[in-house]
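Participant: Need coordinates for the below:
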Amino acid sequence: MTSVSNTSNQSPLLRPLTILGAGLSIGQPHPGVESAPETMRRHGLLSVIEKLSSWQVNDAGDLDFDKELPVCSLTPGQINNVLEAAYATRKIADATEAIAKRGDFCLTLGGDHSMAAGSIYGLLKAIPDLSVIWVDAHGDFNTPLTTPSGNFHGMPVAALTGVFDLSAYPGFEYYQALLPPERIALVGVRSLDREELELLQQKGILVFTMSEIDRYGIGKVMTAALKRVNPMGVNRLHLSFDIDALDPAIAPSTGTKVPGGLTYREAHYIAEAMAETGMLVSMDVVEVNPALRPDGSFDDTTTADPTVLMAIELIESALGKRIAPSLLIEDLIQ
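Facilitator: The predicted structure is shown next:
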């Protein structure tokens, strides 16, 4: 199902943007995350983007992951729902690759964070020099041998950077590790498994925990992160934003909450800093779960879920919204 919004009378100066729904939920155990793309649309995502007056918006609808797959018996060191994950990952990758090859900004709405193993893989097929800022409370750097849960949403960074050979698992024979470790930085991390931390250090992945954000401030952290992944300033950029990076007090509707997260302004600063590079070409927003509202309500027709609204606001900032036009004041503030 594809619907096109406001494309026929747009100025050719507007930048094309395609919204892709990838409501994948099998990478984690909490139902409801699959409804996030449609919930964000229902609460005004398209109109918010269009009001920025910079984008020609196409809504490609939601990918359908329903498929009869053979039963795959699991053994220790496997991935939960491995065949379903492989099928969905490839479908997402094919879609994002096609969007990027058209030259559109690719906005992919999750779903759980396992979908990024597909979205970023597809983007890298189209944009080999892509660099990534990964905003998350977690490292997502487990392997099938180190994971305590077997959940695929804890593995996508490890798969993308080749810490383990995902192609050795059923259905993933096509998969390649396309992302060099020096082209990804993690921001906002505050929950790591012991073996996961060891792997991150061995692989040389740059990780900015909440301690670094507390010590140096989000401005210096983002400057350092961008310098690491894009030292010459010429690489195109992807922002993968897990809503659980925010403190649960402001974004509670998510499945793996960890106290002590990003503040409202820190989260927006990250999105704004990415936009200001002029090199941001794609974004994932993941792990928004409307079924996990703290009030237990599934009816958001009268009162919108604040986590959903926060996700929409972050997309708005990443696409160029500012409190006021930026002024050239860097020489005045040291």
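Participant: can you pull out the strands in the stretch 1-150 of the chain?
Facilitator: Along the stretch 1-150 of the chain, counting by DSSP state E, counting those that start in this stretch, strands occupy 3-4, 15-22, 55-62, 105-110, 131-135.
Participant: can I get these in TSV with mean pLDDT and distance to residue 308?
Facilitator: Every residue, glycine included, has its C-beta placed from N, CA and C. Compiled in TSV, the strands of the stretch 1-150 of the chain are given as follows (pLDDT from 0 to 100; distance: least, CB to CB, whole Å):
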stretch	mean pLDDT	distance to residue 308
strand 3-4	41	20
strand 15-22	98	14
strand 55-62	97	16
strand 105-110	98	11
strand 131-135	98	17
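Participant: I'd like those as a markdown table, with mean neighbour count and distance to residue 288 appended.
Facilitator: Formatted as a markdown table, the strands of the stretch 1-150 of the chain follow (neighbours: other CB atoms under 10 Å; distance: least, CB to CB, whole Å):
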| stretch | mean neighbour count | distance to residue 288 |
| --- | --- | --- |
| strand 3-4 | 12 | 21 |
| strand 15-22 | 22 | 12 |
| strand 55-62 | 21 | 14 |
| strand 105-110 | 27 | 7 |
| strand 131-135 | 27 | 13 |
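Participant: Any chance of JSON lines for the ones you listed, columns distance to residue 181?
Facilitator: Formatted as JSON lines, the strands of the stretch 1-150 of the chain follow (distance: least, CB to CB, whole Å):
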{"stretch": "strand 3-4", "distance to residue 181": "38"}
{"stretch": "strand 15-22", "distance to residue 181": "25"}
{"stretch": "strand 55-62", "distance to residue 181": "31"}
{"stretch": "strand 105-110", "distance to residue 181": "22"}
{"stretch": "strand 131-135", "distance to residue 181": "11"}
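Participant: wait, which of those is closest to residue 157?
Facilitator: Closest of the strands of the stretch 1-150 of the chain to residue 157 is strand 131-135, at 6.2 Å (criterion: CB to CB).
Participant: so which of the strands of the stretch 1-150 of the chain comes closest to residue 36?
Facilitator: When the strands of the stretch 1-150 of the chain are ranked by proximity to residue 36 (CB to CB), strand 105-110 comes first, at 6.3 Å.
Participant: Pull the closest one out as PDB, backbone CA atoms only.
Facilitator: What follows is strand 105-110 as a C-alpha-only set of coordinates in PDB (Å, rounded to 0.1, in the frame of the first residue of the first chain):
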ATOM      1  CA  PHE A 105      16.100  11.100   2.200                       C
ATOM      2  CA  CYS A 106      15.100   7.700   3.800                       C
ATOM      3  CA  LEU A 107      13.100   8.000   7.000                       C
ATOM      4  CA  THR A 108      12.500   4.500   8.400                       C
ATOM      5  CA  LEU A 109      10.000   4.000  11.200                       C
ATOM      6  CA  GLY A 110      10.400   1.000  13.500                       C
END
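Participant: what's that strand in contact with?
Facilitator: 15-24, 33, 36-37, 40, 55, 92, 96, 99-100, 115-116, 119, 123, 280-288, 315, 319 (CB atoms under 8 Å, 6 or more residues apart in numbering).
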